[in-house]
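>>> I would like the atomic coordinates for the input below:
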Amino acid sequence: MKIKAAVFDLDGLLIDSEPLWQIAEVEVLNSLGVPLTAEMCHQTVGLRIDEAIAYWFERYPWTGPGVNEVADIVVDQMLRLIRDHARAMPGAWELVEFLDGIKVPIAVATSSRSILAEAAIRSLGLRDMVQSLHSAQDLEHGKPHPGVYLNAASHLGVDPVHCVAFEDSINGVISAKAARMYCVAVPYPQWRDDPRFIIADQKLESLEAADKQWWEALAGGGE
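As a prediction, the model looks like this:
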C-alpha cells in the first residue's frame, strides 16, 4: 500500500462547522415545530442536508414547506454563518499546506452542497491548495455510500486504494472504507469515544498529530 493522494471530508474535519450546523438546523426546524436540540443533531452527522431534514420530517412531520425547501433555508443560514464564523479545525490548515508543499494531490469529498463547500474552503484560505472539490448533493446517494469518494479519486487520477481519507464521522468512515481508501478517523470531540470508529485504519485525536513524521511513516510504505 502506497499513499499517493489525500481526500478530506469538510464539516467537522477541516472546518469547525458542526456548531454552525446545529445553530442553523435547530433554528429552522424549531420554527416548524420540531423539538430539535443541538444534542439531537448528532443523529444526522455525515448526511446530506436534504437527507437530514427528511430524517426529522419522518419523525416530526410538519405542515408548510417541503423537505427540499427547508433544506434550502438551512443552507442559506449556513452560508451566512460560515462567512461570519468560519474557523479551521486544529491542524487542518497546516496539514493541507504541508501536503500541497510536497505535491500530494488533494481533494475534498463532502456531503455539503457545493456552494457551502466552496464558501468554507475559501473562508479558510484553502481553495488554491485543493485540486478538486466533490459534493454528494447531485449523487443518488450521499455518505455512507462511497460515491463521493470514488468521484474524488477518479478526478485526481489516483486509484482509491492509494488514497488516504480523513473523516470525523461514522458515516464518513464507512463511505471511505467502502471506496477502499485508507481511512484516518479524526472524530469530532463530542463523539470521540464512539466504539464504531474501530473500523477506521487509524484514529487521531486531531489533525495536529498528522505531522511530517507521521505522514512519512504512512506514505512511505511499499507498493
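>>> can you show me the helices along the protein?
18-30, 49-59, 67-85, 92-101, 114-123, 147-156, 170-178, 212-219 (DSSP state H).
>>> who touches the last one?
By CB atoms under 8 Å, 6 or more residues apart in numbering, the residues outside helix 212-219 that reach it are 2, 3, 4, 98, 99, 104, 164, 182, 202. Glycine gets a C-beta too; all of them are placed from N, C-alpha and C.
>>> can you lay out the residues you listed as TSV showing pLDDT and distance to residue 37?
Listed next are the contacts of helix 212-219 as TSV, based on pLDDT from 0 to 100; distance: CB to CB, whole Å:
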residue	pLDDT	distance to residue 37
2	90	45
3	96	39
4	96	43
98	97	38
99	97	37
104	97	40
164	98	35
182	98	35
202	97	32
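>>> closest one of these to residue 82?
Closest to residue 82 out of those is residue 99 (23.0 Å), distances taken as CB to CB.
>>> is the closest one in contact with residue 106, as I believe?
Yes: Residue 99 lies in contact with residue 106 (CB atoms under 8 Å); the separation is 5.7 Å.
>>> which residue, neighbours along the chain excluded, lies closest to residue 81?
Spatially, and ignoring its direct neighbours in sequence, residue 81 is nearest to residue 20 (4.3 Å; CB to CB, 6 or more residues apart in numbering).
>>> ok, the one you found - contacts?
Counting by CB under 8 Å, 6+ apart, residue 20 makes contact with 78, 81, 82, 85.
>>> re earlier: next, show the common contact partners of residue 99 and residue 106.
Contacts common to residue 99 and residue 106, judged by CB under 8 Å, 6+ apart, are 6, 129.
>>> how is this protein carved up into domains?
Domain ranges of the chain: 5-16+87-219, 18-85, per automatic domain parsing.
>>> quick revisit: most surrounded residue in the contacts of residue 20?
Greatest neighbour count in the contacts of residue 20, by other CB atoms under 10 Å, goes to residue 78: 25 neighbours.
>>> excluding chain neighbours, what is closest to that one?
Setting aside the residues directly before and after it, residue 78 is nearest to residue 24 in space (CB to CB, 6+ apart), at 5.0 Å.
>>> was I right to think the one you found contacts residue 85?
No: at 11.2 Å, residue 24 does not count as touching residue 85 under the criterion of CB under 8 Å.
>>> pick the most deeply packed of the domains of the chain.
The highest mean neighbour count among these, using mean count of other CB atoms under 10 Å, belongs to domain 5-16+87-219: a mean of 20.
>>> any idea how far apart the tips of that domain sit?
Using CA to CA, to the nearest Å, the end-to-end distance of domain 5-16+87-219 comes to 9 Å.
>>> just the pLDDT for residue 222.
The per-residue pLDDT reported for residue 222 equals 40.
>>> still on that earlier bit, can you lay out the contacts of residue 20 as CSV showing pLDDT and distance to residue 14?
Conversion of the contacts of residue 20 to CSV gives the following (pLDDT from 0 to 100; distance: CB to CB, whole Å):
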residue, pLDDT, distance to residue 14
78, 95, 15
81, 95, 16
82, 94, 12
85, 91, 15
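>>> hmm, back to that, quick one: contacts for the residue nearest to residue 78?
Counting by CB under 8 Å, 6+ apart, residue 24 touches 74, 77, 78, 81.
>>> next one: the second one from residue 71, what distance?
It refers to residue 77. When distance is defined by CB to CB, to the nearest Å, residue 77 is 11 Å away from residue 71.
>>> picking up where we left off before, can you tell me how far the residue nearest to residue 78 is from residue 112?
The spacing between residue 24 and residue 112, counted by CB to CB, is 12 Å.
>>> brilliant, that's me finished.
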